[in-house]
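In: need a structure here:
(chains A and B)
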There are 2 protein chains.
Amino acid sequence: MAVFVYKFGGTSVGSVERIKAVAEKIKKSTELGNHIVVVVSAMSGETNRLTGLAKEMQAQPNSREMDVLLSTGEQVTMSLLSMALHDLDCPACSYTGGQVKILTDSMHTKARIIEIDDVKIKQDLDQGKVVVVAGFQGIDEHGNITTLGRGGSDTTAVALAAALKADECHIYTDVDGVYTTDPRVEPKARRLDKITFEEMLELASLGSKVLQIRAVEFAGKYNVALRVLSSFKEGCGTLITYEESQMERALISGIAFNRDEAKLTITGVPDLPGVASKILCPVADKNIEVDMIIQNIAADETTDFTFTVHRNDYQKSKQVLEETCKELGAKQVTGDDSIVKVSIVGVGMRSHAGIASTMFKVLADEGINIRMISTSEIKISVVVDEKYLELAVRALHKAFDLEKEEE
Amino acid sequence: MAVFVYKFGGTSVGSVERIKAVAEKIKKSTELGNHIVVVVSAMSGETNRLTGLAKEMQAQPNSREMDVLLSTGEQVTMSLLSMALHDLDCPACSYTGGQVKILTDSMHTKARIIEIDDVKIKQDLDQGKVVVVAGFQGIDEHGNITTLGRGGSDTTAVALAAALKADECHIYTDVDGVYTTDPRVEPKARRLDKITFEEMLELASLGSKVLQIRAVEFAGKYNVALRVLSSFKEGCGTLITYEESQMERALISGIAFNRDEAKLTITGVPDLPGVASKILCPVADKNIEVDMIIQNIAADETTDFTFTVHRNDYQKSKQVLEETCKELGAKQVTGDDSIVKVSIVGVGMRSHAGIASTMFKVLADEGINIRMISTSEIKISVVVDEKYLELAVRALHKAFDLEKEEE
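Out: The predicted structure follows:
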């Protein structure tokens, strides 16, 4: 008999009606003979409400107590869903992270799962019950309630699927799968039936925010078959699995982009060992996250150094960099906060040459000037002027045959 | 160093401001060198909100899941209070019933406490922390969340005080103590400094709803000194303790009354063994609670049988009784739903004769006809016409010297 772990996010359980719809969906699956473990988030809005109360108590709420507070959000959802299942004559039993138990380290508000005790869950499944588990939370070795931080419910679901050796882990969201690119930019974007973990990681970190990176990493590590589907529409979503070498694959799986980039360049930096860290450490000290980093080849004993940051951090970064410029005796700092990043992602790149040159030619044919390039094994990113974003995405989408139906 | 258990009900923690005020009160007490364990209820309104959600899911919510749901109410309060204490630089740590742990039986929604493990609490107190515990909830031997039912937070507080051998257990409410009678009926009613457990039980069950009976019984059984005080006003409230025989006591501690009574009489019942159960069992089968029961001495081989019920149950009881009347071949059923019960309560009765005759004379002097009489060791109750309630209470309050200051 197949075992599935289903995860429903805050929007999917955001009202009484939606919780009832989720219960119907689960009941249908049990009627096919499936064993179901359900992981739920807090009802949408609840976490914000609780966080608001906490901040009225303490400007920086005590992190242990914050976890005690926030964990009630999922506890409410899980009991309500369990009641809705009972109401459909579908036996169910709910468990908090502490009850399961999901053992974590003691890093409150961002704990990591160490171990899952699946004895109770297996007993309940054997008795034909649906098991409803609170996402996002666990318990440390001293019995303190912990939470897993952003996207924690996805991680709970994947970790449970790994512990139970589930056939598949379904992540129900408000989109019906992973697309070749954002359909709002390219209406011809197509839902992918399959994608590899690595591609998903690159697409997620580049802006297709369907799944939390951490959950995908976890799924890859423990080989959990992950499927992203819609809570509201029927359909089989997108399956995220290991690369199957036999499979004839498209070269490129998808095109990601990021609108909120800004780039900064410091020119005429004396080309000495340690210069990169001298430039980047003061930036990191201000809690500014750096994305792409490029250092050009040195000429006449100086080098140029360019990196991108989130557009909100542009002014702050520029200030820091101007200080550094003086200290290092570099030439000048320039920058641009009207740029975007466009990336093509695909494991097919590994075995096919010429992908990069195709990409660059497509962009050149459209008269798009490339301002920066950065590559990894399965991804090529370029920085272009903001105004070219839609044009670049559509041209690449067409050039790499993403519009066609998959064979 | 003194150990105190403080319990704050839903109204006392009903808003951010009130939780902060509670934190201030606790902090002041710790500054006197006291060790404090705090038991909190859900914020007022929260339990109703959650119950409403549950009923939308299932007309009769699954009781296990109901406990999972309702227990979140106290969990929210305890974490917020703990944050408020941290904000005052007062170290604090919160625990759910399952974390403490408060072991109960498995009777969901009305569980009884079996045992309390006080190890964590004692460790925290030794480290100078305030320990905040969720009232109303526990955990059964299988790790399921349970709740204690109505007034459960009072019971949690008393049980913790017993387990910790606390010096006193303070129940903070919206009244500043136990009064000789309801001040709305007799403005000269006086707050009692002290009262015995037995008197409190009689007063509580008769309508002075300051404390839950169950908590008072528990406190009596484990000899926990219980104090009722106001969350909002300063003052030392009313201490509930064992009778001290040396103490010169007032004869009567207080006057209780109950407006919602109705009485039913069945006359001409053949006086045979088992007739009382034949009359009362059909009533109990309808889930009607019977209060006073009186059977008059038999004359000409028949007897009259009278009992009182809540006024809401009057019509239903009368129907049941008319059936019984036919079956038993009794004469007739009469009733009155415009009566009230007035009781005087006091351990002084035990050692002083003539209390009852004083009571009856006072009522006679006012022209009040007594319709029923019932007595226990420390209580005399009479049933009178509704219209005489205020007059009876005031006359008795004066006659038994309750207006004077206690010596």
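In: for the residue in chain A sticking out farthest from the centre, what are its contacts?
Out: For chain A, the residue at maximal distance from the C-alpha centroid (CA atoms, centre = their mean) is A:Asp300, at 42.8 Å. Contact analysis of A:Asp300 by CB atoms under 8 Å, 6 or more residues apart in numbering or on different chains lists nothing. Using the backbone N, CA and C atoms, a C-beta is placed for each residue, glycine as well.
In: Give the buried residues for the strand ranked longest in chain A.
Out: Counting by DSSP state E, the longest strand found in chain A is strand A:254-270. Of all the residues in strand A:254-270, those buried under the rule 16 or more other CB atoms under 10 Å in any protein chain shown are A:254-258, A:260-269.
In: Look up how far A:Asp271 lies from the residue farthest from the centre of chain A.
Out: According to CB to CB, to the nearest Å, A:Asp300 stands 9 Å off from A:Asp271.
In: What about whichever residue of the stretch 251-400 of chain A sits closest to chain B, how many residues nearby?
Out: Nearest residue of the stretch 251-400 of chain A to chain B (CB to the nearest CB) works out as A:Asn287 at 24.5 Å. Counted by other CB atoms under 10 Å in any protein chain shown, the residues lying close to A:Asn287 total 8.
In: Tell me which helix or strand it sits in.
Out: A:Asn287 is part of no helix or strand, with elements assigned from DSSP states H and E.
In: go on, A:Ile294?
Out: strand A:290-295.
In: Show me the contact partners of that strand.
Out: By CB under 8 Å, 6+ apart, strand A:290-295 touches A:258, A:261, A:263, A:276, A:280, A:283-284, A:303-310, A:341, A:372-374, A:381, A:383.
In: which parts of chain A sit against chain B?
Out: A:16, A:19-20, A:50, A:53-54, A:56-59, A:61-62, A:64-66, A:68-69, A:71-72, A:75-76, A:78-80, A:82-84, A:86-87, A:93-94, A:96, A:98-99, A:120, A:143-145 (CB under 8 Å from any CB of the partner chain).
In: What's the ChimeraX line that selects buried ones from the residues you listed?
Out: Burial among these is assessed by 16+ other CB under 10 Å; the matching ChimeraX selection reads:
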select /A:19,20,50,53,54,56,57,58,61,62,64,65,66,68,69,71,72,75,76,78,79,80,82,83,84,86,87,93,94,96,98,99,120,144,145
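In: now, which of the residues of chain A next to chain B lie within strands?
Out: Counting by DSSP E, the residues of chain A next to chain B contribute A:93-94, A:145 to strands.
In: Need those residues in TSV (columns: distance to B:Lys129).
Out: Shown next, in TSV, are those (distance: CB to CB, whole Å):
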residue	distance to B:Lys129
A:Cys93	34
A:Ser94	31
A:Ile145	17
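In: So which elements touch the helix or strand bottoming out on mean pLDDT in chain A?
Out: Least confident helix or strand, chain A: helix A:197-205 with a mean of 81, by mean pLDDT, DSSP states H and E. With contacts taken as 3 or more CB pairs under 8 Å, 6 or more residues apart in numbering or on different chains; DSSP states H and E, helix A:197-205 sits against helix A:213-221, strand A:238-241, strand A:254-270, strand A:332-345.
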